[in-house]
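# this one's structure only:
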């Protein structure tokens, strides 16, 4: 298993829910990034989403190195978009097996091949679960250590996440809760979700960075 970079002394020793939730909005710069990110999604759709993916990597990189301010208004834009494209490609490749098995399951169903339908449907669900479980940790290591090689090693990425499973699973619990709360943005005529989802992604970045790189491997509510 690939060793993680030396743990950052400035990171919180424990991962806490309220700290994670406050992280994106604790500073004026963070609030500005949430507003910019939401506007980008509303105006540019997929391009805006890719820019948000890149900005999250930038924020995690600065947070892990304690390079303040962590939020810099998506600047530099070209670099942010480039990293977003890398993130988008990684997400697509990690979820591609699930999509492929899903298509095979659909084809088997249309062809009335029941055994194949159930087999590929189960494989699709398993591949999706493994991909989703592994991705946040994989992207966090890439953001912190800057080595794109880690993105091409899904088995190593899963092993790394499993080695930190106590805090990693707690980070996943925080991430899931933030994503669930972000759905409240739909109440604001649906438009608010663009902003609450950006907040949730930054919460996710904070949670997995602390989970994998803090000095103390442990979690507290």
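Happy to help now that I have it. All values reported here derive from a predicted model rather than from experimental measurement. Numbering: from 1, shown residues only.
# How about the top helix by length along the chain, which residues are buried there?
Criterion DSSP state H: the longest helix present in the chain is helix 77-110. Judged by neighbour count (16 or more other Cβ atoms under 10 Å), helix 77-110 contains these buried residues: 80-81, 83-84, 86-87, 90-91, 94-95, 97-98, 101-102, 104-105, 108. From N, CA and C alone the C-beta is placed, and that goes for glycine too.
# Spatially nearest residue to residue 177 (excluding sequence neighbours)?
residue 17 (7.3 Å; Cβ to Cβ, 6 or more residues apart in numbering).
# do the same with residue 37
Counting by Cβ to Cβ, 6+ apart, residue 37 lies nearest to residue 198, which is 3.6 Å off, once chain neighbours are set aside.
# Which neighbouring residues are in contact with the one you found, exactly?
Residue 198 makes contact with 24, 33, 34, 37, 38, 41, 52, according to Cβ atoms under 8 Å, 6 or more residues apart in numbering.
# Try it again at 6 Å.
Going by Cβ atoms under 6 Å, 6 or more residues apart in numbering, residue 198 touches 34, 37, 38, 52.
# and it, what helix or strand is that in?
Using DSSP states H and E, residue 198 falls within helix 192-213.
# what about that helix, average pLDDT?
Here helix 192-213 scores 97 as its mean pLDDT.
# any low-confidence regions in the chain?
The model of the chain has pLDDT under 70 over residues 1-8, 216-221.
# Would you map the helices across it?
Using DSSP H, helices in the chain cover 17-22, 28-44, 46-65, 77-110, 114-145, 154-163, 165-182, 192-213.
# I'd like to know which elements the fourth one is packed against.
This means helix 77-110. helix 46-65, helix 114-145 (3 or more Cβ pairs under 6 Å, 6 or more residues apart in numbering; DSSP states H and E).
# got the buried residues for the longest one?
In other words, helix 114-145. Under the neighbour-count criterion of 16+ other Cβ under 10 Å, helix 114-145 has 117, 120-121, 123-124, 127-128, 130-131, 133-145 buried.
# elements contacting it?
Helix 114-145 sits against helix 46-65, helix 77-110, helix 154-163, helix 192-213, with contacts defined as 3+ Cβ pairs under 6 Å, 6+ apart.
# correct me, but residue 192 touches residue 183?
No. The criterion here is Cβ atoms under 6 Å, and residue 192 misses it with residue 183 at 9.9 Å.
# Give me the residues contacting stretch 37-44.
With contacts defined as Cβ under 6 Å, 6+ apart, stretch 37-44 is touched by 48, 49, 51, 52, 194, 195, 198.
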